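Novice: here is my input; please provide its structure:
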Amino acid sequence: MRELDAERTARQQSERTAEALRGELVAARSEARDAAVAQAEVRARLEAQAAALADRLAAAEQSQRKAANDLDAVQAELGAAQRRAERAEAEAALARQLLAKLRGAHLGRGEGGGGRRRKAGGPAPNDEAVPSETRDEQQDDKQGAPAAASKPDDGSGQQ
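Specialist: Numbering: from 1, shown residues only. Got it, this is the predicted structure:
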């Protein structure tokens, strides 16, 4: 009988140990499940952050490409504007040269009597010293307007 009691006691002890181990196993599985849920939440949050950062990076790269394209376009426009300005400066210099030649020819022609009439008693204009009044008249003649607004004498006595 003693053997039976010892066997029964051993069986009860093993059942209690098994029950305790089952409880620990349930607790360990529960902890593992909770840890897995927490890890999944952390992973999902990190993946969302990574996706958001990837979107921001793509937007920044697109913005950078657009800025580079805009810069290229502005540089091309600037180059074209600089070429136009250089061309305009060259044309202006040429126009000044031609105008100077025309003025020189016009002044030289005036001495032969075929040009514009001078005021009586005044010096003949030359390239070195041209009175300001004569210069004004020359400019106005080129523009087609008289140097001073004057009415011809119509005999009415009003001027």
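Novice: low pLDDT regions in this protein?
Specialist: For the chain, applying pLDDT under 70 flags the ranges 109-159.
Novice: the protein: helices as residue ranges?
Specialist: According to DSSP state H, the chain carries its helices in the segments 2-110, 132-143.
Novice: okay if I get those helices as a markdown table plus mean neighbour count?
Specialist: For glycine as for every other residue, the C-beta is placed from the backbone atoms N, C-alpha and C. Below are the helices of the chain laid out as a markdown table (neighbours: other CB atoms under 10 Å):
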| stretch | mean neighbour count |
| --- | --- |
| helix 2-110 | 10 |
| helix 132-143 | 13 |
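Novice: what separation do you get for residue 54 and residue 47?
Specialist: To residue 47, residue 54 is 10 Å away according to CB to CB, to the nearest Å.
Novice: repeat for residue 92
Specialist: Distance from residue 92 to residue 47, counting by CB to CB: 66 Å.
Novice: same question for residue 75.
Specialist: Taken as CB to CB, the span from residue 75 to residue 47 is 41 Å.
Novice: swap in residue 36?
Specialist: 16 Å.
Novice: one more: residue 15?
Specialist: 47 Å.
Novice: residue 81 too?
Specialist: Going from residue 81 to residue 47 by CB to CB gives 50 Å.
Novice: one more: residue 93?
Specialist: 68 Å.
Novice: just residue 97 next, same as before
Specialist: For residue 97, the distance to residue 47 equals 74 Å [CB to CB].
Novice: residue 65 too?
Specialist: 27 Å.
Novice: pull the residues that contact stretch 67-87.
Specialist: Outside stretch 67-87, not one residue touches it by CB atoms under 8 Å, 6 or more residues apart in numbering.
Novice: could you dump that stretch to PDB, C-alpha only?
Specialist: What follows is stretch 67-87, C-alpha atoms only, in PDB (Å, rounded to 0.1, in the frame of the first residue of the first chain):
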ATOM      1  CA  ALA A  67      14.500  74.000 -59.900                       C
ATOM      2  CA  ALA A  68      17.400  72.700 -62.100                       C
ATOM      3  CA  ASN A  69      15.200  72.900 -65.200                       C
ATOM      4  CA  ASP A  70      14.000  76.400 -64.200                       C
ATOM      5  CA  LEU A  71      17.600  77.500 -63.700                       C
ATOM      6  CA  ASP A  72      18.600  76.100 -67.100                       C
ATOM      7  CA  ALA A  73      15.700  78.000 -68.700                       C
ATOM      8  CA  VAL A  74      16.600  81.200 -66.900                       C
ATOM      9  CA  GLN A  75      20.200  80.900 -67.800                       C
ATOM     10  CA  ALA A  76      19.200  80.300 -71.500                       C
ATOM     11  CA  GLU A  77      17.000  83.400 -71.300                       C
ATOM     12  CA  LEU A  78      19.800  85.400 -69.700                       C
ATOM     13  CA  GLY A  79      22.200  84.300 -72.400                       C
ATOM     14  CA  ALA A  80      19.800  85.300 -75.100                       C
ATOM     15  CA  ALA A  81      19.200  88.700 -73.400                       C
ATOM     16  CA  GLN A  82      22.900  89.200 -73.100                       C
ATOM     17  CA  ARG A  83      23.400  88.400 -76.800                       C
ATOM     18  CA  ARG A  84      20.500  90.800 -77.700                       C
ATOM     19  CA  ALA A  85      22.100  93.500 -75.500                       C
ATOM     20  CA  GLU A  86      25.500  93.000 -77.100                       C
ATOM     21  CA  ARG A  87      23.900  93.200 -80.500                       C
END
